[in-house]
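Undergrad: Sequence plus the predicted model coming up.
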Number of protein chains: 2
Amino acid sequence: MTQFSERDLKELANEIYDLDERVYKILGSSLGRVFNAGKKRSVIYMVSIMRSGKGYVLRNEMALISNMARTIPNKEERKKIMIEYDHLLHQIMELPTNQMQVDIVDEERAKLHDIHLKHRFDEEDKFIICIERTYGCGGTGIGFSLADALQINYYDDEIFDEVLRRLEAEKKYNIDHGGFSYKNVGEKGYEYTEPAFKAEEKPTFKRKLEDFSRYHGLPKRDAQFFNQSHLLCDMAKEEDFVIMGHCADIILRRNHIPHLSIFLTAPFEQRVQRILKVNESMDEKKVRKLVKQQDEKYGEYYKFFTGLEWQDPSHYDIAVNCASYGVQGTVEMILHMLKRNFK
Amino acid sequence: MTQFSERDLKELANEIYDLDERVYKILGSSLGRVFNAGKKRSVIYMVSIMRSGKGYVLRNEMALISNMARTIPNKEERKKIMIEYDHLLHQIMELPTNQMQVDIVDEERAKLHDIHLKHRFDEEDKFIICIERTYGCGGTGIGFSLADALQINYYDDEIFDEVLRRLEAEKKYNIDHGGFSYKNVGEKGYEYTEPAFKAEEKPTFKRKLEDFSRYHGLPKRDAQFFNQSHLLCDMAKEEDFVIMGHCADIILRRNHIPHLSIFLTAPFEQRVQRILKVNESMDEKKVRKLVKQQDEKYGEYYKFFTGLEWQDPSHYDIAVNCASYGVQGTVEMILHMLKRNFK
């Protein structure tokens, strides 16, 4: 950090005062005058705030000067002033204990989340993007397109659960869950129904016992979560992927596995309208209720397993409003962010 | 939209089944088999979901196939499979009522918030960035650097209030508020104190009367807010700028003035640590309380004037976690986002 003597500070203050005065003279308006208490008093004031480590106060005074300076009509004159402004601002930024120099970066997090992916991911690290999204914002489609564009694997809830089910079936139980479920509904042909393993079955005593031993006595929801967490960390060692939901961001961070985390959302109203467009037969009132319920349900799940507020942007890397960019626009924006980092 | 006959759908289903089978044969693992219910049943199933408009279900099955296909060791073989996969996926995406085709974009908002700034801002529109930030996240420094890099004006709370005060003073009252406030504190020289016009003064009856008539009988807080809103909309017609806080995003949107809106934040813990670094003499317990209070205070203010949750990412364009990128990293990321759009 540059060392400033008392004399340096005074000189700097004098130069700032002179700059302000010149801008004022050119524009001829007292509105543009930042330091109007006389040169001596103004310099004392500036030196005192520089010395007290409140560099940001002076920075704001500088901003006022530059805001005015930019209104100077003569281009040459303006340019000359702005060059001097830049020179002085640079010195102010060098002041000790200037707030600007105190970074917010979380070293542990930065190691995982640095924007410069080339520094962030070691050669052996896999490239993983975790996406949480609110119901109806188009996030699933965005995640899918993102994985497709990056040519990496894609896991949303259904696919992830299916992989888990298959692994369980193969490794532990060798149970055949029986492919898809569909029933003949007459003229309409076949209708897809939820796979049996997903349905809420009334648990028999035998089933309860099975679950109990399978998950070492943990409640089933907890056991499933831990199963998923283990699978996720295992996958993260072996492949690049986009994963939707599952609190994946928090699980990976707690396991110190590098990844990007993105939260996708859109205003409630836009989400309702989008779902109505997708399902034209649905009742608007019901859709409103559904969106609210789904958000609440997942919010509770997220809070239960992470202790964090699901929609709080402070624990993702970025949060994007899909209604501002559209599905394709959001995909492009994220790709663009990543491309830069891969170069 | 492409029209699909029954025959097209069957053909597509057959091709998907064959692709799945080929991947399975190459990898030799039943884990990689998506359609294991026999060809006839699988095709009936696929056609039924295509016809029922649940294209996304099939898309997920495809994702499972491609996730497996990417593990094919032989590069040539993998490439061949992936080309076929892309071809089939493309057709699935063309299916009618595929969810992917229903966008989330809010047309009114997109007009204001399109990522493609070249489309977004008309020639006569000014370039305005609204930044809301949580206390201690480094947002003020980020906004300042951003304005400096873009060479546009910068208004944070202090500067904006100062401009408002000066305009008021000049236009309406011609009152001299008396420059800076500082007091001689002995050996240490001069110490900066808050300007008098900002201090919480005990209102005299005369002052109350003045305020009453100045703001046409509105409570002072409301009157100030409306004053600020008017100034903001006036400024937005004349200059490019970065504005911090003041619910500027919502004010501009309600006045249909194009702008970008950004929310800057960081986890609570990182913000506390940063403030402790800035103010080494401060007590940690006090800082925690301060951060909480400031967030609550501004959150209430924001809610009061906008009816919205301040920290809800769904009404900004993007929300960035400054702890992931650091102050300079966040500035660079936003600049990078903008550069693309200006080209």
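TA: Structure's in. What do you need?

Undergrad: got any ranges where the stretch 201-343 of chain A has weak pLDDT?
TA: A:201-219, A:339-343 (pLDDT under 70).

Undergrad: can you pull out the strands in it?
TA: Counting by DSSP state E, counting those that start in this stretch, the stretch 201-343 of chain A has strands at residues A:241-244, A:260-265, A:318-321.

Undergrad: Extract the CA atoms of the second one and return them as PDB.
TA: Presented in PDB, the C-alpha positions along strand A:260-265 are these (Å, rounded to 0.1, in the frame of the first residue of the first chain):
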ATOM      1  CA  LEU A 260     -21.200 -23.200  -9.900                       C
ATOM      2  CA  SER A 261     -24.500 -22.500  -8.300                       C
ATOM      3  CA  ILE A 262     -27.400 -20.700 -10.000                       C
ATOM      4  CA  PHE A 263     -30.800 -19.800  -8.800                       C
ATOM      5  CA  LEU A 264     -33.500 -19.300 -11.500                       C
ATOM      6  CA  THR A 265     -36.700 -17.600 -10.700                       C
END
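
Undergrad: Contacts for that strand, please.
TA: A:113, A:128-134, A:137-139, A:142-143, A:249, A:253, A:311, A:313, A:315-322, A:330, A:334, A:338, B:313-314, B:319 (Cβ atoms under 8 Å, 6 or more residues apart in numbering or on different chains). Yep, even glycine has a C-beta here, placed from its N, CA and C like the rest.

Undergrad: returning to that earlier point: out of the strands of the stretch 201-343 of chain A, which gets nearest to B:Gln91?
TA: strand A:241-244 (21.9 Å; Cβ to Cβ).

Undergrad: who's in contact with the closest one?
TA: Against strand A:241-244 from outside (Cβ under 8 Å, 6+ apart): A:126, A:128-133, A:139-140, A:143-144, A:146-147, A:150, A:152-157, A:160, A:232, A:235, B:67.

Undergrad: For the residue nearest to A:Tyr302 when sequence neighbours are not counted, give me phi and psi.
TA: Leaving out its chain neighbours, the residue that sits closest to A:Tyr302 by Cβ to Cβ, 6 or more residues apart in numbering or on different chains is A:Trp310, at 3.9 Å. Here is the backbone geometry of A:Trp310 (degrees, to the nearest 10): phi -60, psi -40.

Undergrad: With A:Ile131 instead?
TA: According to degrees, to the nearest 10, A:Ile131 has phi -120, psi 120.

Undergrad: ok, now A:Glu309?
TA: phi -80, psi 120.

Undergrad: Quick check: the gap between it and chain B.
TA: From A:Glu309 over to chain B the distance is 9 Å, taken as Cβ to the nearest Cβ, to the nearest Å.

Undergrad: what sits against that residue?
TA: A:Gly299, A:Tyr302, A:Lys303.

Undergrad: can you rerun that using 10 Å?
TA: By Cβ atoms under 10 Å, 6 or more residues apart in numbering or on different chains, A:Glu309 lies in contact with A:Gly299, A:Tyr302, A:Lys303, A:His315, B:Gln311.

Undergrad: Looking at those residues, which is nearest B:Gly326?
TA: A:His315 (16.3 Å).

Undergrad: My read is that the closest one contacts A:Thr306, right?
TA: Yes - with contacts defined as Cβ atoms under 10 Å, A:His315 counts as touching A:Thr306 at a distance of 8.4 Å.

Undergrad: okay, and the common contacts of these two?
TA: A:Asp249, A:Ile250, A:Arg253.

Undergrad: where exactly do the helices run in chain A?
TA: A:6-27, A:39-51, A:55-69, A:75-93, A:107-113, A:117-120, A:139-150, A:157-167, A:205-214, A:220-238, A:248-254, A:268-278, A:284-306, A:322-342 (DSSP state H).

Undergrad: Report the angle between the third one and helix A:39-51.
TA: Read it as helix A:55-69. In terms of direction (axes from the mean of the first three to the mean of the last three Cα atoms, to 10 degrees), helix A:55-69 departs from helix A:39-51 by 130 degrees.

Undergrad: Figure out how far helix A:55-69 is from the centre of its chain.
TA: 31 Å (Cα atoms, centre = their mean, to the nearest Å).

Undergrad: For that helix, C-alpha coordinates in CSV please.
TA: C-alpha atoms of helix A:55-69 as CSV (Å, rounded to 0.1, in the frame of the first residue of the first chain):
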residue,chain,number,x,y,z
GLY,A,55,-11.7,7.5,2.0
TYR,A,56,-15.1,6.6,0.8
VAL,A,57,-16.4,10.0,1.9
LEU,A,58,-13.9,11.8,-0.3
ARG,A,59,-14.7,9.3,-3.1
ASN,A,60,-18.3,10.5,-3.0
GLU,A,61,-17.2,14.1,-3.2
MET,A,62,-15.2,13.1,-6.2
ALA,A,63,-18.2,11.4,-7.8
LEU,A,64,-20.1,14.7,-7.4
ILE,A,65,-17.3,16.6,-9.2
SER,A,66,-17.2,14.1,-12.0
ASN,A,67,-21.0,14.0,-12.4
MET,A,68,-20.8,17.7,-13.0
ALA,A,69,-17.6,17.5,-15.1
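
Undergrad: Determine the set of other helices and strands touching it.
TA: helix A:6-27, helix A:39-51, helix A:75-93, helix B:139-150, strand B:153-155, helix B:157-168 (3 or more Cβ pairs under 10 Å, 6 or more residues apart in numbering or on different chains; DSSP states H and E).

Undergrad: Report pLDDT for A:Lys54.
TA: In this model, A:Lys54 is scored at 71, pLDDT.

Undergrad: quick one: which of the helices and strands packed on helix A:55-69 is nearest A:Glu269?
TA: The nearest among the helices and strands packed on helix A:55-69, by Cβ to Cβ, is helix B:139-150 at 27.5 Å.

Undergrad: any idea of the mean pLDDT for that closest one?
TA: 90.

Undergrad: in that helix, what counts as buried?
TA: B:Gly139, B:Thr140, B:Gly141, B:Ile142, B:Gly143, B:Phe144, B:Ser145, B:Leu146, B:Ala147, B:Asp148, B:Leu150 (16 or more other Cβ atoms under 10 Å in any protein chain shown).

Undergrad: Dump the residues you listed to TSV, plus distance to A:Ile262.
TA: TSV is the format used below for the buried residues of helix B:139-150 (distance: Cβ to Cβ, whole Å):
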residue	distance to A:Ile262
B:Gly139	20
B:Thr140	25
B:Gly141	24
B:Ile142	20
B:Gly143	23
B:Phe144	27
B:Ser145	24
B:Leu146	22
B:Ala147	27
B:Asp148	28
B:Leu150	25
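
Undergrad: Near chain A, list only the ones from these.
TA: B:Gly139, B:Thr140, B:Gly141, B:Ile142, B:Gly143, B:Phe144, B:Ser145, B:Ala147, B:Asp148 (Cβ under 10 Å from any Cβ of the partner chain).
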